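**Student:** A structural model of the following input is requested.
(chains A, B, C and D)
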2 protein chains.
Amino acid sequence: MAFRGDLEALILAVLADGPKHGYEISKQIKTASGKTLQYGEGQLYPALHKLEESDSVQAFWESQDNRPPRKVYALTEAGRKQLDQKKVEWAKFQESVTLILGIGPLEEPSRG
Amino acid sequence: MAFRGDLEALILAVLADGPKHGYEISKQIKTASGKTLQYGEGQLYPALHKLEESDSVQAFWESQDNRPPRKVYALTEAGRKQLDQKKVEWAKFQESVTLILGIGPLEEPSRG
DNA sequence: TGTACATATATCAAATTTTGATATATAATC
DNA sequence: GATTATATATCAAAATTTGATATATGTACA
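**Tutor:** Next up, the predicted model:
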């Protein structure tokens, strides 16, 4: 049990910077977070497929010479809206956890 | 898939304010977070038992007139240290997610 | 030559966690 | 009479996560 990020939200946020393929998305999350946030392929690819199925992202294959082909994902308009929603959720979540975890005595809801 | 808090950390934080019983802990998390953070009994009690087993909290029964007895939990010294550690984890996690989610273009880790 | 790591996507079984219901019991409220 | 609040606890079913496996090529190191 530990704090866990919303992988979908993180993917959408990374894609807001421009289209990217899965492996790159995962590297960027890992690098940008200083390895605090890391996801295995078993989590990354299903999450990507789910976002594709729900039309939050659009995917296309890109072939390369002497390297495996890449599946590049681009944010859709629906994905952009979903990202906005996720940001609101994160703000609320962050505020709540910080309140409970961060600061000393809590207000008491009619104890007795 | 959504953002998920570390219930152990939240319990320890609430107990830093003083000993409390399970039902009260859960109410306090719910109330303090404006219902953003909510945990069912199926999560709360196992988490409490696990913390008790690992000596992060100490528990004792408190009987009441005309009401079910309460199991009151108090933070131990080990629990206090664990809470400090959890706070560090939270700070890192929060920073990382905010960086990726919150702000626009990310720095690129040697893309190509 | 062998080993390991980086690039790249994908699936799957096993382990873990979460959800939601059930059980038990009393008091107050509607 | 029904629901809600107080209070702890367990359990089956559902969902998710972990870690391995599969496939394929290039580069770096000893």
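**Student:** Count residues in the vicinity of residue A:79, would you?
**Tutor:** If you count neighbours by other C-beta atoms under 10 Å in any protein chain shown, residue A:79 ends up with 23. No exception for glycine: its C-beta is placed from N, CA and C like everyone else's.
**Student:** Could you say which helix or strand holds it?
**Tutor:** Assessed by DSSP states H and E, residue A:79 sits inside helix A:77-97.
**Student:** Counting neighbours, which bits of that helix end up buried?
**Tutor:** Across helix A:77-97, burial judged by 16 or more other C-beta atoms under 10 Å in any protein chain shown covers A:79, A:82, A:83, A:86, A:87, A:90, A:92, A:93, A:94, A:96, A:97.
**Student:** Show me the subset of the residues you listed that also lies near DNA strand C.
**Tutor:** Residues of these in contact with DNA strand C (C-beta under 7 Å from any atom of the strand): none.
**Student:** could I get those as TSV with distance to DNA strand D?
**Tutor:** Formatted as TSV, those follow (distance: C-beta to the nearest atom of the strand, whole Å):
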residue	distance to DNA strand D
A:79	18
A:82	15
A:83	18
A:86	14
A:87	19
A:90	15
A:92	19
A:93	15
A:94	18
A:96	19
A:97	17
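**Student:** Arrange the residues you listed in JSON lines, one row each, with pLDDT as further columns.
**Tutor:** What follows is these, written out as JSON lines (pLDDT from 0 to 100):
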{"residue": "A:79", "pLDDT": "97"}
{"residue": "A:82", "pLDDT": "96"}
{"residue": "A:83", "pLDDT": "96"}
{"residue": "A:86", "pLDDT": "96"}
{"residue": "A:87", "pLDDT": "96"}
{"residue": "A:90", "pLDDT": "95"}
{"residue": "A:92", "pLDDT": "95"}
{"residue": "A:93", "pLDDT": "96"}
{"residue": "A:94", "pLDDT": "95"}
{"residue": "A:96", "pLDDT": "96"}
{"residue": "A:97", "pLDDT": "96"}
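**Student:** What is the nearest of those residues to residue A:24?
**Tutor:** Among the buried residues of helix A:77-97, residue A:79 lies closest to residue A:24 (C-beta to C-beta), at 16.9 Å.
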